[in-house]
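K.L.:
Fold the following, please.
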Amino acid sequence: MTSVSSRPGRPGIATTVEVIAPPPRPVRHFARWVAASTPRGAAVVNVGGGCNASGEFPRIRRRADLLVAVDPSARVLGNSDADERHQSTLEDFAVGHPDQFDVAFAVFVLEHVADPAAFTQAVARVLRPGGAFMAITPNQWHFFGLATWATSRLGLNEWLLRRVRDPGQVSEYHFRTEYRINSVRCISRHLERAGFSEVEFRMWDLPCAYEPYLPTRLTWLATAWTRGAYRLHRPNLMGHLAFRAVLRS
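P.N.:
Model (predicted):
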């Protein structure tokens, strides 16, 4: 891992931001970070764990005594890695499960969150004091994030997505995007209000993650953007971010 940028955060929550070399398999990189942050014997909740198709979480499974998957989709019932499966929103699940988990993690969930305040408060509720919340999500200020944010506000994102990706595949895996908690500033603000004391961000750009959404004649844009973002050492221009936040003890 190569650090090319860092900065202190806003008052009230200790925030660090690090730009890293693009991991070839971002979910695997993230899963290893989650595993390294999971105490042995921990209780862990996979937020949005509707299915574990990526196969990247065995390290987490080995460290956790209890792994719970929570997702409003019925696909959560097929998550064979979980000890418990709950078809529920996190907000509803949190009401009956306060202070029960050491780690909560979410893989490409934040871009679908419609109410960031309620969501982050629910995360804080299920965690024990000192527990960690970790997530990976697209960055709103990247060209891909900006385009998705804008088309979501205009009500065009579903229409557009079905024109750049196979409609059958979209219907199978896609959920409505919101992009209401997808930047360092916004995430830090909501985490602070929910009671988190510190957050560490890792940010990177990987052209192959965005090329499938571009017309063939514009795929060069992804590579050009990546080169520029790293040359300028600008975290806010990176396409993806992951973070680890610690709940105040």
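
K.L.:
only C-alpha atoms for contact and neighbour calcs from this point on.
P.N.:
Fine.

K.L.:
mind listing what's buried in the longest strand along the chain?
P.N.:
Secondary structure of the chain read by DSSP state E shows that its longest strand is strand 127-138. For strand 127-138, the neighbour count (16 or more other Cα atoms under 10 Å) marks 127-129, 131-138 as buried.

K.L.:
distance between that strand and the chain's centre?
P.N.:
Put simply, strand 127-138 sits 10 Å off its chain's centre (Cα atoms, centre = their mean, to the nearest Å).

K.L.:
Show me the contact partners of it.
P.N.:
27, 30, 34, 37, 98-111, 123, 145, 182, 239-249 (Cα atoms under 8 Å, 6 or more residues apart in numbering).

K.L.:
Just the buried ones from these?
P.N.:
The buried subset of the contacts of strand 127-138 - by 16+ other Cα under 10 Å - is 27, 30, 34, 37, 100-111, 123, 145, 182, 239-248.

K.L.:
Let's verify Gln140: helix, strand, or coil?
P.N.:
coil (DSSP: H, G, I helix; E, B strand; the rest coil).

K.L.:
Tell me who's in contact with it.
P.N.:
With Cα under 8 Å, 6+ apart, Gln140 has these contacts: 146, 149, 179, 182-183, 239.

K.L.:
Ala229 versus that one, what's the distance?
P.N.:
Distance of Gln140 to Ala229, computed by Cα to Cα, to the nearest Å: 14 Å.

K.L.:
what's the answer for Leu241, then?
P.N.:
The value you get for Leu241 to Ala229, if Cα to Cα is used, is 14 Å.

K.L.:
same deal with Val45?
P.N.:
34 Å.

K.L.:
out of the two, which sits in the busier spot?
P.N.:
Val45 (28 against 20; other Cα atoms under 10 Å).

K.L.:
Ignoring the adjacent residues along the chain, who's closest to the most centrally placed residue in the chain?
P.N.:
A centroid search over the chain (Cα atoms, centre = their mean) returns Ile136, at 2.6 Å, as the residue closest to the centre. Nearest residue to Ile136, sequence neighbours excluded (Cα to Cα, 6 or more residues apart in numbering): Ala242, at 4.2 Å.

K.L.:
now Ala245
P.N.:
Per Cα to Cα, 6+ apart, closest to Ala245 is Val199, 4.1 Å.

K.L.:
can you pull the pLDDT of Phe144?
P.N.:
In this model, Phe144 is scored at 81, pLDDT.

K.L.:
Touching, it and Gly239? I think so.
P.N.:
Yes. Using Cα atoms under 8 Å, Phe144 is in contact with Gly239, at 7.2 Å.
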